[in-house]
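Student: build me a model:
(2 chains)
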Number of protein chains: 2
Amino acid sequence: MEQNVEFTHCYYLTAGEAGAQSSMPLTLLVQRVIEVATEHANALGIGYATLSVHGIAWVLSKISIEMQRYPDINEDYCLTTWIESYNRRFCDRCFAVTGGDGQPIGYIRTMWTAIDVERRCVADLTAFEQDAFPVSSRSCPVAKPVRLPALPADASVQDYTFKYCDIDFNRHVNSVRYLALVLNHWPLDHFDHNTIRRIDICYHHECHFGQTVQLRVASQGHESECEIVHDGVRAVGLRISWAPRAVTAR
Amino acid sequence: MEQNVEFTHCYYLTAGEAGAQSSMPLTLLVQRVIEVATEHANALGIGYATLSVHGIAWVLSKISIEMQRYPDINEDYCLTTWIESYNRRFCDRCFAVTGGDGQPIGYIRTMWTAIDVERRCVADLTAFEQDAFPVSSRSCPVAKPVRLPALPADASVQDYTFKYCDIDFNRHVNSVRYLALVLNHWPLDHFDHNTIRRIDICYHHECHFGQTVQLRVASQGHESECEIVHDGVRAVGLRISWAPRAVTAR
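Tutor: Numbering: from 1, shown residues only, chains lettered A, B, ... in the order given. Just a heads-up that it's a prediction; the model follows:
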């Protein structure tokens, strides 16, 4: 399994995939992270095909992204992933993102949980450990996320009801759709002048079709704290560090 | 250019990409169509990189999709595209979709318009014609779409305001997001029991960030007629033919 310690997938950003600032949208980056993690897991024999037979599925639990910049239209970029550590319930997986010149443009830290699909609880991966989780000695230069405190009482509140296109094959809300819901809080103009330098997303509880949640946002300086609340309980917590965009997009 | 008459890109459907019915969502299929058209245009030297220098960009004008079935999780699938015809304003492009066994599972017909990015009007492609548009003799077994009539006065009406994640690099609403808006009209349960056999989408007028549109839907039998209306004018028209889903997804 030595050859699978690291796994790389290269892409290029098509015009149709680019966001309003002519670069890779953060939602697509998270989608690629999930994709490349899936491919690496498949190559290791601990992917969807193997686990689904045992009623188990991987679920993204936490993701922390630090980007110096995002790939541009028609730019080649690669995601390289490796497992930093694991135990029988979780798997810590890192990613390096390189741009068209092969230089790093960002790093990503993720934590994955294996869930029992029927019982909707954490599954036990002991049976799959063995050689199937090759741990890399490569370090991940992204600090682990700090727990998001309770948001101030005066945080903004906005309702949203999850719809058909928000739902994935696990029959819960797709990890990327929570992020889109949060990003949609800001107007287009905000993204023309600001870029996301770091984001931490922590998925606490799954949401389902037809549920109405509250998006709460509190911003101070270059930091925004956000949460998606269902039935009074935080389902997803997010922290965003903004940086001024060097050049105005248009 | 003979070698570029047809262009094929193969993918496989990752678990994370699958929709609630454990198969390829229609929104992803449209995204792939745009992607493969872009790649073929790039290979022919009539892609984003070439046209953007002249202030021109391709915009999807019409798409008609006929699917016998959609790729399943972990299934390999390919999109093969070819140009059926073109003139100095439009390009008709077809696609065959094959499944994991190499057999066709659907066909797609698209019409593309080159727009002048600054003036927001149709551009003239005469300068790019020459050898760069190799027309294939392969036929496209998808009938051209019939114009959607005015919807009945009692069609359902629902408001939606376009947000940050709906906007693409052309600074207008992404073609896929109009489709998501329409599909979100139906509950999850509807998709568990029905599948889309054919859909026609006609993009008439572009919408922009912050605009509020009305989604109008009128269904009769297995047919739904839909329109997205801005300022009293139809921006996008859609016709959907539903078929009962053979096996209930869950």
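Student: is A:Ile228 in a helix, a strand, or coil?
Tutor: Three-state assignment for A:Ile228 (DSSP: H, G, I helix; E, B strand; the rest coil): strand.
Student: which stretches of chain A form helices?
Tutor: A:26-44, A:48-53, A:175-183, A:188-193 (DSSP state H).
Student: could you dump those to JSON lines with distance to A:Ala150, mean neighbour count and mean pLDDT?
Tutor: From N, CA and C alone the C-beta is placed, and that goes for glycine too. As requested, the helices of chain A are exported to JSON lines (distance: least, CB to CB, whole Å; neighbours: other CB atoms under 10 Å in any protein chain shown; pLDDT from 0 to 100):
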{"stretch": "helix A:26-44", "distance to A:Ala150": "25", "mean neighbour count": "21", "mean pLDDT": "94"}
{"stretch": "helix A:48-53", "distance to A:Ala150": "35", "mean neighbour count": "16", "mean pLDDT": "85"}
{"stretch": "helix A:175-183", "distance to A:Ala150": "17", "mean neighbour count": "22", "mean pLDDT": "97"}
{"stretch": "helix A:188-193", "distance to A:Ala150": "25", "mean neighbour count": "16", "mean pLDDT": "97"}
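Student: with distance to B:Val176 added, can I get those helices in CSV?
Tutor: As requested, those are exported to CSV (distance: least, CB to CB, whole Å):
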stretch, distance to B:Val176
helix A:26-44, 12
helix A:48-53, 24
helix A:175-183, 12
helix A:188-193, 17
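Student: got a markdown table for the ones you listed, with distance to chain B too?
Tutor: Below are those laid out as a markdown table (distance: least, CB to the nearest CB, whole Å):
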| stretch | distance to chain B |
| --- | --- |
| helix A:26-44 | 4 |
| helix A:48-53 | 4 |
| helix A:175-183 | 4 |
| helix A:188-193 | 4 |
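Student: contacts only, for the residue lying closest to A:Leu148 once chain neighbours are set aside.
Tutor: Nearest residue to A:Leu148 in three dimensions, chain neighbours excluded: A:Gly237, at 4.1 Å (CB to CB, 6 or more residues apart in numbering or on different chains). The contact partners of A:Gly237, taken as CB atoms under 8 Å, 6 or more residues apart in numbering or on different chains, are A:148, A:200-202, A:204, A:225-227.
Student: ditto for A:Ser23
Tutor: Per CB under 8 Å, 6+ apart, neighbours of A:Ser23: A:13, A:69-73.
Student: for A:Leu151, same thing?
Tutor: A:Leu151 neighbours (CB under 8 Å, 6+ apart): A:216, A:218, A:225-227.
Student: closest one of the residues you listed to chain B?
Tutor: A:Cys226 (13.9 Å; CB to the nearest CB).
Student: dump the residue contacts of A:Tyr178.
Tutor: Counting by CB under 8 Å, 6+ apart, A:Tyr178 has contacts A:201, A:203, A:207, A:228, A:235-236, A:238.
Student: picking up where we left off before, for the contacts of A:Ser23, pick the one with the most neighbours.
Tutor: A:Pro71 (26 neighbours; other CB atoms under 10 Å in any protein chain shown).
Student: wait, that one touches A:Gly100, no?
Tutor: Yes. Using CB atoms under 8 Å, A:Pro71 is in contact with A:Gly100, at 7.5 Å.
Student: which residues do the two both contact?
Tutor: A:Tyr77.
Student: roughly how far apart are the residue nearest to A:Leu148 and A:Cys94?
Tutor: From A:Gly237 across to A:Cys94, the span is 21 Å (CB to CB, to the nearest Å).
Student: and which of the contacts of A:Leu151 is nearest A:Leu181?
Tutor: Closest approach between the contacts of A:Leu151 and A:Leu181, by CB to CB: A:Cys226, at 9.3 Å.
Student: so what's A:Val135 scoring on pLDDT?
Tutor: Reported pLDDT at A:Val135 in the predicted model: 89.
Student: and it, bridged to which residues?
Tutor: When assigned by DSSP bridges, A:Val135 has beta-bridge partners A:Ile83.
Student: count of residues packed around it?
Tutor: 13.
Student: what sits against it?
Tutor: A:5, A:83-86.
Student: is A:Thr161 bridged to anything, and to what?
Tutor: A:Thr212.
Student: kindly report the same for A:Val233.
Tutor: A:His230.
Student: can you give me the neighbour number for it?
Tutor: That count, for A:Val233 with other CB under 10 Å as the rule, works out to 9.
Student: how near is it to A:Asp200?
Tutor: Distance from A:Val233 to A:Asp200, by CB to CB: 19 Å.
Student: any regions of chain A where pLDDT drops low?
Tutor: Counting by pLDDT under 70, chain A has low-confidence residues at A:1-3, A:129-131, A:247-250.
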